[in-house]
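Engineer: Next comes the sequence, and after it the predicted model I'd like to discuss.
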Amino acid sequence: MDHAADALRTDLMTITRYVLNEQSKHPESRGDFTILLSHIVLGCKFVCSSVNKAGLAKLIGLAGETNVQAKQKKLDVLSNDVFVKALVSSGRTCILVSEEDEEATFVEPALRGRYCVVFDPLDGSSNIDCGVSIGTIFGIYMVKDFTEPTLDQALQPGKNMVAAGYCMYGSSCTLVLSTGSGVNGFTLDPSLGEFILTHPDIKIPKKGKIYSVNEGNAKNWDGPTAKYVENCKFPKEGSSPKSLRYIGSMVADVHRTLLYGGIFLYPADKKSPSGKLRVLYEVFPMSFLMEQAGGQAFTGKERALDLVPKKIHERSPIFLGSYDDVEEIKALYAAEAKN
Ligand SMILES: O=P(O)(O)OC[C@H]1O[C@](O)(COP(=O)(O)O)[C@@H](O)[C@@H]1O
Ligand SMILES: [Mg+2]
Ligand SMILES: [Mg+2]
């Protein structure tokens, strides 16, 4: 690509230009959201470069500390530091909820702003050391009275989010974002240091050919999940079986599902009765994006975005993806509920 010529191309839509255009539709926002997002984008660029050189910069392996849920990797800790600093220095946040911090962070009064950001600084930690795609997930809420922020402002239902996104650190660095009017994907052009719009107005196919689940948990699954996966593998006469794809990084598995269609599921099972994935900074942002792209997200009981979390690290089962595929599993749970 002739960068110089391209850089001069006026139609080159960078994420900054995109958000400024979006902002012009919301004159009341006074640019706060644009400033907040530019700090999130900076954090993603920083983490992307750290991930790329992780093996060289000795950023592989354990940090020697443990968060509320698991042993932390060095990149978990580094990514968390990067995003906490970027979000606080934006001057647009009042509450931060991170997978890596046991408690919510209340930003000091002088630096407070109207947004609460929930985030998973490094998703797919089990894949860091082997260089397989990983990512960052974030969700943004507006806080009514941000001068006196309280925890319940972070424990809002997912449907109250004003924006959500993820950044995938894979063969290319891709940032997927929704501000509530559709989903757009931007690819980082390392030579420009700019995220360029490469996937405008992403719409997930209505039905897919892929299912994505850790089948290693199969013996502990409940009836509807076991039945659904069996139907994927042994469909009724005339239909072809779905292909199984599972990377083990939610960002990467959801990114593929968003572009190709199909379903990603992390159900509850006897071992983890509430599933594994966290409501605020994994389930909600991905469900928000899925619905914005024409898909849906279901917990096994209800629409995922209707959930009202009680704790910041609460977990929930999740089934998300193509509309028709999720409808199938909803029907299996509805049938079981009738019995
Ligand atoms: O190894 P499992 O049980 O299949 O779990 C994989 C899931 O766990 C996660 O790695 C959890 O996220 P973190 O890596 O951010 O803790 C998800 O990305 C992924 O979908
Ligand atoms: Mg995660
Ligand atoms: Mg994580």
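Structural biologist: Everything's here; your move. Ligands and ions are numbered 1, 2, ... in the order given.

Engineer: Distance-wise, check whichever residue of the stretch 1-150 of the chain sits closest to ligand 2 relative to Ala164.
Structural biologist: Proximity of the stretch 1-150 of the chain to ligand 2 (Cβ to the ion) peaks at Asp123, 3.5 Å away. Where C-beta positions appear, they are placed from N, C-alpha and C, glycine not excepted. As judged by Cβ to Cβ, to the nearest Å, Asp123 and Ala164 stand 13 Å apart.

Engineer: Check Leu320 too.
Structural biologist: Using Cβ to Cβ, Leu320 is found at 13 Å from Ala164.

Engineer: Need the overlap of contacts for these two.
Structural biologist: Common contacts of Leu320 and Ala164, defined by Cβ atoms under 8 Å, 6 or more residues apart in numbering, comprise Met286.

Engineer: so who does Phe146 touch?
Structural biologist: Phe146 sits in contact with 94, 112-115, where contact means Cβ under 8 Å, 6+ apart.

Engineer: again, only using 7 Å
Structural biologist: For Phe146, the contact set (Cβ atoms under 7 Å, 6 or more residues apart in numbering) comprises 94, 112-114.

Engineer: Okay, and which of those map to strands?
Structural biologist: 94, 112-114 (DSSP state E).

Engineer: what's in contact with the strand or helix carrying Met290?
Structural biologist: Met290 belongs to helix 284-292 when elements are defined using DSSP states H and E. Helix 284-292 has contacts (Cβ under 7 Å, 6+ apart) with 137-139, 158, 161, 164-166, 176, 178, 182-183, 204, 250, 254, 258, 296-297, 304-305, 320-321.

Engineer: buried subset of these?
Structural biologist: Among these, the ones that count as buried by 16 or more other Cβ atoms under 10 Å are 137-139, 158, 161, 164-166, 176, 178, 183, 204, 250, 254, 258, 296-297, 304-305, 320-321.

Engineer: and stretch 277-287, what's its mean pLDDT?
Structural biologist: The average pLDDT within stretch 277-287 is 98.

Engineer: Without its sequence neighbours, what residue ends up closest to Pro267?
Structural biologist: Thr225 (4.3 Å; Cβ to Cβ, 6 or more residues apart in numbering).

Engineer: For the one you found, give me phi and psi.
Structural biologist: For Thr225, the backbone dihedrals (degrees, to the nearest 10) come out as phi -60, psi -50.

Engineer: okay, it: pLDDT?
Structural biologist: For Thr225, pLDDT reads 98.

Engineer: so how many other residues sit close to the nearest residue to Ala70 once chain neighbours are set aside?
Structural biologist: Leaving aside its chain neighbours, Ala70 sits nearest to Ser125 (7.4 Å; criterion: Cβ to Cβ, 6+ apart). Residues within reach of Ser125, counting by other Cβ atoms under 10 Å, total 21.

Engineer: so Ser125 touches Leu78, yeah?
Structural biologist: No - using Cβ atoms under 7 Å, Ser125 is not in contact with Leu78, being 11.9 Å away.

Engineer: And the lowest mean pLDDT element among the helices and strands of this protein?
Structural biologist: When each helix and strand of the chain is scored by mean pLDDT, DSSP states H and E, helix 3-8 comes last, with a mean of 54.
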